[in-house]
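> sequence and predicted model, in that order:
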Amino acid sequence: MASIHSVTFDCARPAALARFWAAALDGYAVRPYDDEEIRRLRERGILDAEDDPSVAVDPSGGGPTLFFTRVPEGKSGKNRVHLDLRPADRMEDEVERLLGLGATTVQSMRNEDGRWTVMHDPEGNEFCVEEGPGDEQDRDAG
(Lines give C-alpha, C1' and ligand atoms only; values in the text may rest on other atoms or scores of the structure.)
Protein backbone atom coordinates (compact mmCIF):
# COMPACT_ATOMS: atom_id res chain seq x y z
CA MET A 1 0.00 0.00 0.00
CA ALA A 2 1.12 3.55 -0.70
CA SER A 3 0.28 6.93 0.75
CA ILE A 4 0.47 10.40 -0.78
CA HIS A 5 3.81 11.95 0.13
CA SER A 6 3.63 15.07 -2.02
CA VAL A 7 1.66 16.81 -4.74
CA THR A 8 3.58 18.67 -7.45
CA PHE A 9 2.32 21.66 -9.43
CA ASP A 10 4.05 22.58 -12.69
CA CYS A 11 4.22 26.35 -12.94
CA ALA A 12 6.08 29.39 -14.26
CA ARG A 13 6.72 31.18 -10.96
CA PRO A 14 7.25 28.60 -8.16
CA ALA A 15 7.98 31.03 -5.30
CA ALA A 16 4.91 33.19 -5.96
CA LEU A 17 2.59 30.21 -6.41
CA ALA A 18 3.99 28.55 -3.28
CA ARG A 19 3.18 31.69 -1.28
CA PHE A 20 -0.38 31.70 -2.65
CA TRP A 21 -1.01 28.08 -1.60
CA ALA A 22 0.71 28.52 1.79
CA ALA A 23 -1.69 31.41 2.47
CA ALA A 24 -4.69 29.55 1.03
CA LEU A 25 -4.32 26.39 3.13
CA ASP A 26 -4.63 26.15 6.89
CA GLY A 27 -1.51 24.71 8.52
CA TYR A 28 0.83 25.06 5.51
CA ALA A 29 3.94 27.23 5.17
CA VAL A 30 6.67 27.75 2.59
CA ARG A 31 9.66 25.64 3.60
CA PRO A 32 12.30 27.96 5.13
CA TYR A 33 15.64 28.36 3.40
CA ASP A 34 18.35 27.09 5.72
CA ASP A 35 22.09 27.59 5.12
CA GLU A 36 22.42 24.25 3.30
CA GLU A 37 19.59 25.08 0.88
CA ILE A 38 20.95 28.58 0.21
CA ARG A 39 24.38 27.05 -0.48
CA ARG A 40 22.82 24.48 -2.84
CA LEU A 41 21.00 27.21 -4.76
CA ARG A 42 24.12 29.38 -5.02
CA GLU A 43 26.08 26.42 -6.40
CA ARG A 44 23.46 26.29 -9.16
CA GLY A 45 23.85 30.02 -9.82
CA ILE A 46 20.62 30.99 -8.05
CA LEU A 47 21.22 34.02 -5.84
CA ASP A 48 17.61 34.95 -5.05
CA ALA A 49 15.07 32.53 -3.54
CA GLU A 50 12.48 34.13 -5.85
CA ASP A 51 14.31 32.38 -8.72
CA ASP A 52 14.27 28.94 -7.05
CA PRO A 53 12.98 26.46 -9.66
CA SER A 54 11.32 24.21 -7.04
CA VAL A 55 9.71 25.51 -3.86
CA ALA A 56 8.15 23.32 -1.14
CA VAL A 57 5.14 24.10 1.03
CA ASP A 58 4.99 21.86 4.08
CA PRO A 59 2.09 20.96 6.38
CA SER A 60 2.47 21.62 10.09
CA GLY A 61 0.65 18.36 10.83
CA GLY A 62 -0.42 15.53 8.61
CA GLY A 63 -0.85 15.86 4.90
CA PRO A 64 1.27 15.92 1.77
CA THR A 65 4.00 18.41 0.98
CA LEU A 66 3.18 20.61 -2.02
CA PHE A 67 5.97 21.24 -4.53
CA PHE A 68 5.90 24.03 -7.09
CA THR A 69 8.28 23.31 -9.93
CA ARG A 70 9.17 25.56 -12.85
CA VAL A 71 8.47 24.13 -16.30
CA PRO A 72 9.12 25.86 -19.62
CA GLU A 73 5.68 25.30 -21.13
CA GLY A 74 2.51 27.10 -20.09
CA LYS A 75 -0.70 25.48 -18.95
CA SER A 76 -2.48 24.14 -22.03
CA GLY A 77 -5.77 22.68 -20.83
CA LYS A 78 -7.99 21.70 -17.95
CA ASN A 79 -6.29 20.02 -15.00
CA ARG A 80 -6.88 16.28 -14.87
CA VAL A 81 -6.46 16.38 -11.06
CA HIS A 82 -7.37 19.25 -8.76
CA LEU A 83 -7.68 20.04 -5.05
CA ASP A 84 -11.07 20.38 -3.32
CA LEU A 85 -10.98 22.71 -0.32
CA ARG A 86 -13.54 22.48 2.50
CA PRO A 87 -13.74 25.75 4.46
CA ALA A 88 -14.21 25.79 8.22
CA ASP A 89 -16.77 28.59 7.89
CA ARG A 90 -19.04 29.95 5.17
CA MET A 91 -18.04 28.97 1.65
CA GLU A 92 -18.71 32.51 0.37
CA ASP A 93 -16.30 34.00 2.92
CA GLU A 94 -13.57 31.54 1.91
CA VAL A 95 -14.10 32.30 -1.79
CA GLU A 96 -13.74 36.04 -1.03
CA ARG A 97 -10.57 35.40 0.99
CA LEU A 98 -9.05 33.38 -1.86
CA LEU A 99 -9.99 36.08 -4.38
CA GLY A 100 -8.06 38.52 -2.18
CA LEU A 101 -5.00 36.25 -2.41
CA GLY A 102 -5.10 36.28 -6.22
CA ALA A 103 -7.47 33.45 -7.19
CA THR A 104 -10.22 33.94 -9.76
CA THR A 105 -13.73 32.48 -9.89
CA VAL A 106 -14.68 30.27 -12.82
CA GLN A 107 -18.22 29.21 -11.86
CA SER A 108 -20.45 28.23 -8.95
CA MET A 109 -22.35 24.96 -9.05
CA ARG A 110 -24.90 23.04 -6.98
CA ASN A 111 -26.40 19.54 -7.03
CA GLU A 112 -27.85 17.05 -4.52
CA ASP A 113 -24.33 16.38 -3.16
CA GLY A 114 -23.72 20.01 -2.20
CA ARG A 115 -22.40 23.17 -3.79
CA TRP A 116 -19.00 24.36 -4.85
CA THR A 117 -17.15 27.16 -6.56
CA VAL A 118 -14.60 26.32 -9.24
CA MET A 119 -11.62 28.66 -9.02
CA HIS A 120 -8.21 29.20 -10.61
CA ASP A 121 -5.03 29.89 -8.65
CA PRO A 122 -2.82 32.75 -9.95
CA GLU A 123 -1.36 30.47 -12.68
CA GLY A 124 -4.70 29.07 -13.84
CA ASN A 125 -4.70 25.72 -11.99
CA GLU A 126 -8.26 24.66 -11.17
CA PHE A 127 -9.40 23.97 -7.64
CA CYS A 128 -12.77 23.92 -5.89
CA VAL A 129 -14.11 25.35 -2.67
CA GLU A 130 -16.89 22.99 -1.66
CA GLU A 131 -19.70 22.73 0.81
CA GLY A 132 -21.34 19.36 1.34
CA PRO A 133 -25.06 18.74 1.87
CA GLY A 134 -26.10 20.08 5.23
CA ASP A 135 -22.93 22.14 5.84
CA GLU A 136 -24.75 25.45 5.42
CA GLN A 137 -27.62 24.37 7.70
CA ASP A 138 -25.16 23.02 10.31
CA ARG A 139 -23.38 26.40 10.46
CA ASP A 140 -26.67 28.34 10.55
CA ALA A 141 -27.88 26.21 13.48
CA GLY A 142 -24.58 26.62 15.40
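Sure thing, it's come through.
> kindly check the end-to-end length of stretch 23-40 for me.
26 Å (Cα to Cα, to the nearest Å).
> please identify the buried residues of it?
By 16 or more other Cβ atoms under 10 Å, the buried positions in stretch 23-40 come out as 23-24, 28, 30. The C-beta positions use only the backbone N, C-alpha and C, and glycine is treated the same way.
> need the residues you listed in TSV with secondary structure and distance to residue 42, can you?
Listed next are the buried residues of stretch 23-40 as TSV, based on DSSP: H, G, I helix; E, B strand; the rest coil; distance: Cβ to Cβ, whole Å:
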residue	secondary structure	distance to residue 42
23	helix	27
24	helix	30
28	strand	26
30	strand	19
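> report the two of these separated the most.
By the measure Cβ to Cβ, 24 and 30 form the most distant pair in these, at 12.0 Å.
> quick one: the strands in the chain?
Residue ranges of the strands in the chain, as given by DSSP state E, are 6-11, 28-30, 54-59, 65-70, 83-85, 104-111, 114-120, 126-131.
> so which of these is nearest residue 93?
Per Cβ to Cβ, nearest to residue 93 of the strands of the chain: strand 126-131, 10.0 Å.
> and the angle for that closest one with strand 114-120?
Orientation check (axes from the mean of the first three to the mean of the last three Cα atoms, to 10 degrees): strand 126-131 against strand 114-120 gives 150 degrees.
> just the buried positions in strand 126-131, please.
In strand 126-131, counting by 16+ other Cβ under 10 Å, buried: 126-127, 129-131.
> turn those into a markdown table, columns for pLDDT and distance to residue 46.
Conversion of the buried residues of strand 126-131 to a markdown table gives the following (pLDDT from 0 to 100; distance: Cβ to Cβ, whole Å):
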| residue | pLDDT | distance to residue 46 |
| --- | --- | --- |
| 126 | 95 | 30 |
| 127 | 96 | 28 |
| 129 | 96 | 34 |
| 130 | 95 | 38 |
| 131 | 88 | 41 |
